[in-house]
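A.B. asks: Whatever this is, show me its structure:
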Amino acid sequence: MTIQSKFADSLQILRDTANGNIQLEVQYPSLFSQVCRFYEDKGVRFWGVDIEEDYAYLIDHLVADNVLA
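C.D. replies: Here you go, the predicted structure:
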């Protein structure tokens with residue numbers, strides 16, 4: 001399952017997040033948790049030490065998965 005298919009109803013929010021227009025963890029905390037879980041289930045490990053670093057890592061994955069397309 002791709003990020004686009006799993007979160008089809010939230011793609012614009014994810015695009016805005018990847019573009020830096022919104023802060024997912026602040027404005028959509030439930031969606032933020034779901035997206036983190038999605039990537040964790042795919043083997044991505046967030047360290048939990050530096051929240052900003054983890055957030056940047058999440059954004060990198062969104063961009064790599066072409067949510068901007």
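A.B. asks: ok, which stretches of this structure are helices?
C.D. replies: Per DSSP state H, the chain carries helices over the ranges 3-6, 11-18, 24-27, 29-41, 51-64.
A.B. asks: winner for burial among those helices?
C.D. replies: helix 11-18 (a mean of 18; mean count of other CB atoms under 10 Å). In short, each C-beta sits where N, CA and C put it, glycine included.
A.B. asks: residues contacting residue 41?
C.D. replies: Residues counted as contacts of residue 41 (CB atoms under 8 Å, 6 or more residues apart in numbering): none.
A.B. asks: For the helices of the chain, give me TSV that also has mean pLDDT.
C.D. replies: Output for the helices of the chain, formatted as TSV (pLDDT from 0 to 100):
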stretch	mean pLDDT
helix 3-6	94
helix 11-18	96
helix 24-27	94
helix 29-41	95
helix 51-64	93
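A.B. asks: From the geometric centre of the protein, which residue sits farthest away?
C.D. replies: Using CA atoms, centre = their mean, the residue of the chain lying farthest from its centre is residue 49. It sits 17.6 Å away.
A.B. asks: what residues are up against residue 54?
C.D. replies: Contacts of residue 54 (CB under 8 Å, 6+ apart): 46-48.
A.B. asks: And these, which is closest to residue 68?
C.D. replies: Distance ranking of these against residue 68, using CB to CB, places residue 46 first at 21.2 Å.
A.B. asks: rewinding a little: for residue 36, state which of the contacts of residue 54 is nearest.
C.D. replies: Nearest to residue 36 out of those is residue 46 (CB to CB; 6.4 Å).
A.B. asks: so what pLDDT did the closest residue to residue 2 other than its chain neighbours get?
C.D. replies: Leaving aside its sequence neighbours, residue 2 sits nearest to residue 65 (CB to CB, 6 or more residues apart in numbering; 6.9 Å). pLDDT, residue 65: 94.
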